[in-house]
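1. Have a look at this fold, sequence not included:
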Ligand code: GAR
């Protein structure tokens, strides 16, 4: 079975969707570790519920992105991690992480890339007035939200939907698409 690491910074609903799918064997993989960069993030509570090892790394403590990522990579190597899934991890991956896990890091983004890159994609799309909303899962490279697309999905948008309704539909789709996409990669041998 392949070994996953999930990186998250906040709420962790995508983390939990993956953890749930692993727990009921919808995804045949191990989640070896949750890597979190925020000691108070709610995702840590979710990991406890699923008995998943959590490692919190503070960039401040390490002083540089390089040292911070070296410490993370050390843990990932010890745990024989095969695939890194970014799930609301709000840091840019640096060279250390990218060079050690080339084409082994994937990210979920709440918009149809290449539109609406960045940290506020849903509200940016809403303010723009788009009529088609969706989610993208892509490989992570040095270009922010710019790696090769693996999968995309669209929500069932109705004219007049509120921002809250759109967010809810997007998150629901994210949870489904992330599980499907991890399974697709496992099937293809990653
Ligand atoms: C998700 O919507 C994810 O797509 C987004 O952060 C949210 C995390 O939610 N990521 C990005 O915007 C990356 N650019 P969660 O913590 O509940 O999984």
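-> Arrived safely, thanks for sending. In this text, all values refer to a predicted model and were calculated from it rather than measured experimentally.

2. hang on, residue 84 in a strand?
-> Yes - using DSSP: H, G, I helix; E, B strand; the rest coil, the assignment for residue 84 is a strand.

3. which non-adjacent residue is nearest it?
-> Leaving aside its sequence neighbours, residue 84 sits nearest to residue 105 (Cβ to Cβ, 6 or more residues apart in numbering; 4.4 Å). Glycine gets a C-beta too; all of them are placed from N, C-alpha and C.

4. what's the one you found sitting at in phi/psi?
-> For residue 105, the backbone dihedrals (degrees, to the nearest 10) come out as phi -120, psi 130.

5. Neighbours of it, how many?
-> Residue 105: 22 surrounding residues under other Cβ atoms under 10 Å.

6. So which elements touch whichever helix in the chain runs longest?
-> For the chain, the helix with the greatest residue count under DSSP state H is helix 163-187. Other elements packing on helix 163-187 under the criterion 3 or more Cβ pairs under 8 Å, 6 or more residues apart in numbering; DSSP states H and E are helix 13-23, strand 83-86, strand 105-109, helix 121-128, strand 134-139, strand 149-154.

7. Now tabulate those in TSV and tack on distance to residue 38.
-> Putting the helices and strands packed on helix 163-187 into TSV (distance: least, Cβ to Cβ, whole Å) gives the following:
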stretch	distance to residue 38
helix 13-23	13
strand 83-86	14
strand 105-109	17
helix 121-128	20
strand 134-139	22
strand 149-154	26
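
8. Next, the contact list for residue 178, please.
-> Contacts here follow Cβ atoms under 8 Å, 6 or more residues apart in numbering; on that basis residue 178 touches 14, 17-18, 85, 87, 108, 137.

9. redo that, cut-off 10 Å
-> By Cβ atoms under 10 Å, 6 or more residues apart in numbering, the contact list for residue 178 reads 6, 14-15, 17-18, 21, 27, 85, 87, 106, 108, 135, 137, 151.

10. gap between it and the ligand?
-> For residue 178, the distance to the ligand equals 9 Å [Cβ to the nearest ligand atom, to the nearest Å].
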